[in-house]
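> compute the structure for the input listed below.
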Amino acid sequence: MKKKIQTYTRRSNKEGSIIQRSDGRWVAVATVGYDENGKIIRKHLYGKSRMEVADKLSKLTNRIETNTYSYTNNKTINDLMTEWLLIFKKNQVSPRTFENVIRNYNLHIKSKVGNMKLEEVNNIVIQKVLNGMIDNGYSLSVVKKIKFLFNQFFNYAVENNLTKDNPTTKTKVKSTERKIYNENENSYKAIPPELREKFLMCLENHNFLKPLCITMMFAGLRTGEVLALKWKNIDFLNKIITVEKGVTIVPKFNSEGKVIERKNVIGETKTACSVRNVPMPDILLEVLENHKINQSFKEQTYNNNLTSPNSFVFANNDGSLRSYSGTRKIFSRFLEKHNLDNLGIHFHGLRHTYSNMLFEADQNPKIIQSLLGHKSVKTTIVTYNSIDKSYFKKATEILNNKFTKKTSYEDLNNEDIDAKIKELLLEKEKRKLNNLII
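You can find the predicted model right below:
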């Protein structure tokens, strides 16, 4: 005997006609207007539950009452979000950030819900998108960016009466991400100590890469900062490099949000903290002095001004600004030529190497933060302080030297061990202070 489907005749205020069909689905019928002949135009809304259909009907009623139904009726989420991105979001962020926003939107939102209507995207739909990203191995930071994008769009939709509420507020994403340490994973971003000498030897006969790489490696400059350097920023007398500008890639978009052109331009540094004075060690001072001499010889050959105060330190032979991509290609060819391409050496790793050498010298993290131009010391400690097994060996050797051979661990009680550790820490702090004074 076929099970009888229960139907409801009573309904809430403005709920319209909601019934359950013979196939189990729920449907609502709402009047959305009249055609040119005065005939009623009805819209059917379907869902798996009465609550789902009632929610869709409530949103539809709101759009009809606020006269936005005709505007959104034939538009998909992709139509509405693309319009919002290009009109509002584009002017709120930098061109490079907007390019990343468009990329994330196309990959995670457009591909999943782009063809859906506005009233069809509820908290369950958005939660499934976020859960799917986590299941596919995307980092928590990327997942949060997608949730933030959903949230911004639906706030805009609510403010403009395109929908009744923001479903993103009912979704959940964990606040922190717990990563499992894998000792076999190569997370050492700096050039390892055992490869540094080899790398410098390979640079020896490269007139362009040698001064550029050593500037990044011994002054900690970003790629854009080193390319934007001018000779007026190099104070040979006081051994100081002044970082005040940076090269950035600015994309240009068409009406659909696609990149049609990229330009290298001189702009402000990454953050306000990035404007800084960096002291030059002797190795860098000597290399830059020789580089300026070589540039003066080139001036006679190419008949260009390459050593004036406003000339770029690492300019092309015609004096023009070098590009990101061109410089990286030269670096990649250099690594291949010297069989360094499979050793995990990257252009930005030179900046990491600078910070690591300072950490290895037991420098204060706040000083390293200032030299790198970081806004937060957390970035300096967590991201720019790679740890390899030699650190643990060094720490063990310090303890071995402090505890004499005549004293065994078995002979020490807990109080003795605590006293020794406090003594060791006190001496280390004194040594740091002495180094700073010197």
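
> worst-scoring helix or strand of the chain, pLDDT-wise?
In the chain, no helix or strand scores lower on mean pLDDT, DSSP states H and E than helix 389-402, which sits at a mean of 55.

> run a quick neighbour tally on residue 312.
By other C-beta atoms under 10 Å, the residues close to residue 312 number 20. Every C-beta, even on glycine, is put in place using the N, C-alpha and C of the backbone.

> for residue 119, see how far away it is.
Distance of residue 312 to residue 119, computed by C-beta to C-beta, to the nearest Å: 56 Å.

> just residue 99 next, same as before
Per C-beta to C-beta, residue 99 is found 30 Å from residue 119.

> what sits against residue 125?
113, 116, 167 (C-beta atoms under 8 Å, 6 or more residues apart in numbering).

> looking at those residues, which is nearest residue 207?
Of all the contacts of residue 125, residue 207 sits closest to residue 113, with 54.0 Å by C-beta to C-beta.

> ramachandran angles for the closest one?
phi -130, psi 10 (degrees, to the nearest 10).

> can you get me a residue count around it?
Neighbour count for residue 113, taken as other C-beta under 10 Å: 20.

> OK, contacts around it?
77, 121, 125-126, 129.

> what about burial for the residues you listed, which qualify?
77, 121, 125-126, 129 (16 or more other C-beta atoms under 10 Å).

> identify, from those residues, the entry nearest to residue 172.
residue 126 (10.4 Å).

> hang on, the earlier thing: pick the one among the contacts of residue 113 closest to residue 23.
residue 125 (21.7 Å).

> just the element for that closest one, please.
helix 123-135 (DSSP states H and E).

> what comes up buried for that helix?
Neighbour counts using 16+ other C-beta under 10 Å place 123, 125-127, 129-130, 133 of helix 123-135 among the buried residues.

> cool, and stretch 190-208?
190-192, 199, 202-203, 206, 208.

> and the strands in the stretch 1-150 of the chain, which stretches?
17-20, 26-34, 40-47 (DSSP state E, counting those that start in this stretch).

> ok, the stretch 201-350 of the chain next?
234-235, 240-243, 246-253, 259-267, 276-279.

> and those as JSON lines, adding distance to residue 318 and mean pLDDT?
Listed next are the strands of the stretch 201-350 of the chain as JSON lines, based on distance: least, C-beta to C-beta, whole Å; pLDDT from 0 to 100:
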{"stretch": "strand 234-235", "distance to residue 318": "21", "mean pLDDT": "94"}
{"stretch": "strand 240-243", "distance to residue 318": "24", "mean pLDDT": "91"}
{"stretch": "strand 246-253", "distance to residue 318": "17", "mean pLDDT": "82"}
{"stretch": "strand 259-267", "distance to residue 318": "15", "mean pLDDT": "82"}
{"stretch": "strand 276-279", "distance to residue 318": "28", "mean pLDDT": "88"}
